[in-house]
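[1] here is my input, please return the structure:
(chains A and B)
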Protein chains: 2
Amino acid sequence: MTESSAAVPPSDEARLARAALMRAGESGDPLLGRLIEVCGPVEALAQIREGELTAEISRRLAHDRGRTLRDLQAKVTGWRTRLLAADPERDLLVGRERGARLVVPGDIEWPSQLDDLGAGRPTGLWVEGEADLRFSCLRSVAIVGARAATPYGVHVASEMGAELGQEGWTVVSGGAYGVDSAAHRGALTTEAPTVAVLACGTDYCYPSGHHDLFAVIRERGVLISESPPGAHPTRSRFLIRNRLIAALSRGTVVAEAAVRSGALNTVNHALALHRHIGAVPGPVTSESSAGCHALLRQGKAQCVTNAAEVLDLIGAIGADLAPEPKGTVIPLDSLSPEARAVLDAIPSRGPGAGPATIAVAAGIDIQTALSRLGALAAAGYVQHGRQGWRLRDRR
Amino acid sequence: MTESSAAVPPSDEARLARAALMRAGESGDPLLGRLIEVCGPVEALAQIREGELTAEISRRLAHDRGRTLRDLQAKVTGWRTRLLAADPERDLLVGRERGARLVVPGDIEWPSQLDDLGAGRPTGLWVEGEADLRFSCLRSVAIVGARAATPYGVHVASEMGAELGQEGWTVVSGGAYGVDSAAHRGALTTEAPTVAVLACGTDYCYPSGHHDLFAVIRERGVLISESPPGAHPTRSRFLIRNRLIAALSRGTVVAEAAVRSGALNTVNHALALHRHIGAVPGPVTSESSAGCHALLRQGKAQCVTNAAEVLDLIGAIGADLAPEPKGTVIPLDSLSPEARAVLDAIPSRGPGAGPATIAVAAGIDIQTALSRLGALAAAGYVQHGRQGWRLRDRR
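    Below you'll find the model as predicted:
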């Protein structure tokens, strides 16, 4: 890869190019993703606007993705056509007006676990809400399940969401009716943020009955989407969206799902990403739990009946996963002097402190302070709340 | 072992000796079991009546079971004391009067899978009822669970019992309130026999509320016990009885059980015997299913939600198990001429035929006919109903 998410912050030009590319290709298009990987967003955009890729890039992409050159050219032509109708500067302007920020790889708020999606990594994410997406997702669990949930499924999802939130874990879900909203609502009864991954623009509010729920999530967590503000949900966007739910979180729990449930699509993404899966059992007399039981029978999921068992599972996942981005998981006695200074600068009581305050108190520059705060958050020492940084009780 | 269950039928003297030895030792005492293995029931009884074992036998038993000679002598003295109060001839007489037969190793009705218990194999079993114990248990599943079952547990156990019965499988359980009786009752709605393994004499009727249930099981299945007619249930008898439920059946399914349930004792016996285990999930909000969920989480049990899934599991067990007694599992095209003749002699319709009728029709003696019928039953070709032998629909 030519671009690491922990590297130099993206330029305005790169951000604008990504906004354009998000209009050019479908979300998650691995060919476009590979093109951006290979030559960066600015050059990728320039070549698409030319109407053809350079011979070397063409050969490389065709080889990497198993495409013919003709097939590749057809894709480029399609992207170019869609670009003609795109106005990325307006997208950024509209986003800003509506309170949404475009977070792209290289941004400090970019959740680097999305890099596990490889070429299917999002080109960018529209994020709306008070919480920090990256920090919120460092200790996060996806809770998914049926829209047509039974009272049992709703109860299980909201209890689990609340228990996980109490333990300082973020609930990631899809903002839909049924299990999704129950999980978000459970989490919202605690101080933890919750993350809703939408298949439409973050301002669109689908389903419309969730206007109030989304308003609270904006205040206490984040709404995110690959689609720009104003975009309608489509069937394909729901499916492609599911990979983000799986990739953002350390593990996915299916609270209630029938045999043919969209939640199982999320499970398949999570399996492909080597995240582990939990399934909540239910009455065998309920078709609405049959998908969970099938996952247990197939050995794809571990049986989980409460949040403690979910965290057991996630703990195991933490150990199994690819190592965290370097420097983020640090035992207390081996913290760097700078990290130690940042930790000491964070008030142990009260609503929290902003990064500038912390930087001054620690005697370092704000950029270093933000970097150390990220590492400390990943290691579970600190958390980012609505009113700034504060210490987290260690489990 | 000096005594094979498939060998010569036991003599009257051996049967009487076993009846006496069942009075001498506690059920399942592996030291007594080993003594009988080593020198046979008649000689074992004679040595106990002497008050001491021969030097050679003493050394061998002490070595085999990791006992001191003094410890061994104390056991022998205890057995001898209890023998003084025993009247095995009366036991056989009382049993006969009350309709119970003593089935011992070597009898054609002896279920040879009990030999997997090794030295803990029962000395003999009191059997009451119309069905044949050995044939009933060839294709059998244990369904166990809580006495204090919820309506959900009762529903699951009775449905599963009925579905297994419909598929021609025998339900083995403990005759207790709750899950046990629901499983028996489910099975009794079909033509399949059911086997209740009791911790008291087969005539004692514990719990007393099961008088009618036991009456029906006597007619359509069997009640069995290691304790002689008239014996009361004791706490230790319940626990030691559980090993028989596990050993008789090809697999054990826990329909509903809390974390501290006696059903889990049966599961541990089944695990020790390398039988596989199924657990039925239930609502995570129900403490009564927490034992099942724990089994799933520990990887001790497979998740099963209906009889078809139980039979999938049992099928796998069949393949994994120690081979069936020789000659019992025979593909249709490799049946011996005698077995073929017996199969042809069994009426394909109607209530069934007795072994004498079949022997005449097949042109062989009745002992050979019985042996071939056993083999054919084990292979799933025929079954023994209330009115004789008939063909079984092949699955």
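
[2] ok, residue A:335 - how many residues close by?
    By other C-beta atoms under 10 Å in any protein chain shown, the residues close to residue A:335 number 18. Quick note: C-beta positions are derived from backbone N, CA and C, even for glycine.

[3] ok, now how distant is it from chain B?
    Residue A:335 sits 36 Å away from chain B, taking C-beta to the nearest C-beta, to the nearest Å as the criterion.

[4] so what's the residue count around the residue of the stretch 201-350 of chain A found nearest chain B?
    Nearest residue of the stretch 201-350 of chain A to chain B, counting by C-beta to the nearest C-beta: residue A:281, 3.2 Å away. A count of nearby residues for residue A:281, using other C-beta under 10 Å, gives 28.

[5] and it, that one's in a helix?
    No - counting by DSSP: H, G, I helix; E, B strand; the rest coil, residue A:281 is not part of a helix but coil.

[6] now it, nearest residue through space, not along the chain?
    residue B:281 (3.2 Å; C-beta to C-beta, 6 or more residues apart in numbering or on different chains).

[7] surely that neighbour meets residue A:284?
    Yes - with contact defined as C-beta atoms under 8 Å, residue B:281 and residue A:284 form a contacting pair (6.4 Å).

[8] residues shared between the contacts of these two?
    Residues within reach of residue B:281 and of residue A:284 at once, by C-beta atoms under 8 Å, 6 or more residues apart in numbering or on different chains, are A:293, B:305.

[9] what is the burial count for residue A:189?
    12.

[10] report the separation between it and chain B.
    Distance from residue A:189 to chain B, by C-beta to the nearest C-beta: 18 Å.

[11] for that residue, what are its contacts?
    Here residue A:189 is in contact with A:161, A:162, A:165 (criterion: C-beta under 8 Å, 6+ apart).

[12] report the contact partners of the residue of the stretch 201-350 of chain A closest to chain B.
    A:289, A:292-293, A:296, A:303, A:305, B:281-284, B:289, B:293, B:296, B:303.

[13] for those residues, give me JSON lines that also has pLDDT, secondary structure and distance to residue B:38.
    As requested, the contacts of residue A:281 are exported to JSON lines (pLDDT from 0 to 100; DSSP: H, G, I helix; E, B strand; the rest coil; distance: C-beta to C-beta, whole Å):
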{"residue": "A:289", "pLDDT": "97", "secondary structure": "helix", "distance to residue B:38": "53"}
{"residue": "A:292", "pLDDT": "98", "secondary structure": "helix", "distance to residue B:38": "52"}
{"residue": "A:293", "pLDDT": "98", "secondary structure": "helix", "distance to residue B:38": "48"}
{"residue": "A:296", "pLDDT": "98", "secondary structure": "helix", "distance to residue B:38": "46"}
{"residue": "A:303", "pLDDT": "98", "secondary structure": "strand", "distance to residue B:38": "45"}
{"residue": "A:305", "pLDDT": "97", "secondary structure": "coil", "distance to residue B:38": "49"}
{"residue": "B:281", "pLDDT": "98", "secondary structure": "coil", "distance to residue B:38": "46"}
{"residue": "B:282", "pLDDT": "98", "secondary structure": "coil", "distance to residue B:38": "47"}
{"residue": "B:283", "pLDDT": "98", "secondary structure": "coil", "distance to residue B:38": "51"}
{"residue": "B:284", "pLDDT": "97", "secondary structure": "coil", "distance to residue B:38": "51"}
{"residue": "B:289", "pLDDT": "97", "secondary structure": "helix", "distance to residue B:38": "45"}
{"residue": "B:293", "pLDDT": "98", "secondary structure": "helix", "distance to residue B:38": "44"}
{"residue": "B:296", "pLDDT": "98", "secondary structure": "helix", "distance to residue B:38": "42"}
{"residue": "B:303", "pLDDT": "98", "secondary structure": "strand", "distance to residue B:38": "43"}
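
[14] alright, I will stop here.
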